[in-house]
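What shape does this take:
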Amino acid sequence: MTHAHNGSDHRAKVREAFTEHGQSVYAYLVSLGAPHHEAEDVLQEVFANILKKDRGIENYEAYLIRSARNSYLRLKDQQKKKECVTDEDSGIPVVVSGDGSPARGILNAEIRADLENALERLPASHREAFVLHNQEDLTYEEIAERTGRKVGTVRQHHARAVQALRSLLTG
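Predicted coordinates:
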């Protein structure tokens, strides 16, 4: 009987974590470049995995962020292996926005594509520090808390990301 009670406690904790952190994890995934439907899928996968097994999680936010990041990176790796969309006549790759429609404004699409390509070339920890600090406006302390890293490490990863992006984009 105690086992069933523990199971319902676990479900309640996961429900509470979803209510408390679901939106911020979703926003984090979108800030990494996930289209809305992928962010929803990854978020659902992360919570489904937590529901399957009680992992004794103490810091749900940090665990969810790490799990979501890892799941999204796995998804991106799988997508990279698939063929890219190309224009049937020219064979030139077509930039598609997150909602599946052709991106508006060629220059804007090129700039966005250049930045995305440069970000993808960074190590995941550097990309994450850059995105969280520059696009989500989190402090280094907030990033450290969220990712489970030391503040100094986050600062270093961010600085290296900025340096690498400068080099890649102005190169």
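
Q135 - nearest residue in space that isn't next to it in sequence?
S31 (4.9 Å; Cβ to Cβ, 6 or more residues apart in numbering). Any C-beta I mention is one placed from the backbone N, CA and C, and that applies to glycine too.

And the pLDDT for the one you found?
At S31, the pLDDT value in this model is 82.

next one: the one 4 residues further on
Among the per-residue scores, P35 holds a pLDDT of 86.

try E141
In this model, E141 carries a pLDDT of 92.

contacting residues around the closest residue to it other than its chain neighbours?
Nearest non-adjacent residue to E141, counting by Cβ to Cβ, 6+ apart: V151, 5.7 Å away. For V151, the contact set (Cβ atoms under 8 Å, 6 or more residues apart in numbering) comprises Y140, E141, A144.

Show the buried residues in these.
With burial judged by 16 or more other Cβ atoms under 10 Å, the buried subset of these is Y140, A144.

Domain boundaries for this protein, per the record?
1-80, 96-171 (automatic domain parsing).

Off-centre distance for the first one?
Here domain 1-80 shows a centroid-to-chain-centroid distance of 12 Å under the convention Cα atoms, centre = their mean, to the nearest Å.

Which helix in the chain has the most residues?
helix 2-31 (DSSP state H).

what comes up buried for that one?
H10, V14, A17, F18, H21, G22, V25, Y26, Y28, L29, V30, S31.

doesn't V131 make contact with the last one?
I take that to be S31. Yes. Using Cβ atoms under 8 Å, S31 is in contact with V131, at 5.2 Å.

residues touching the residue nearest in space to the middle of the chain, list them.
Among the residues of the chain, the one closest to the centroid is L29, at 3.5 Å (Cα atoms, centre = their mean). Residues near L29 by Cβ under 8 Å, 6+ apart: E38, A39, V42, L43, A68, Y72.
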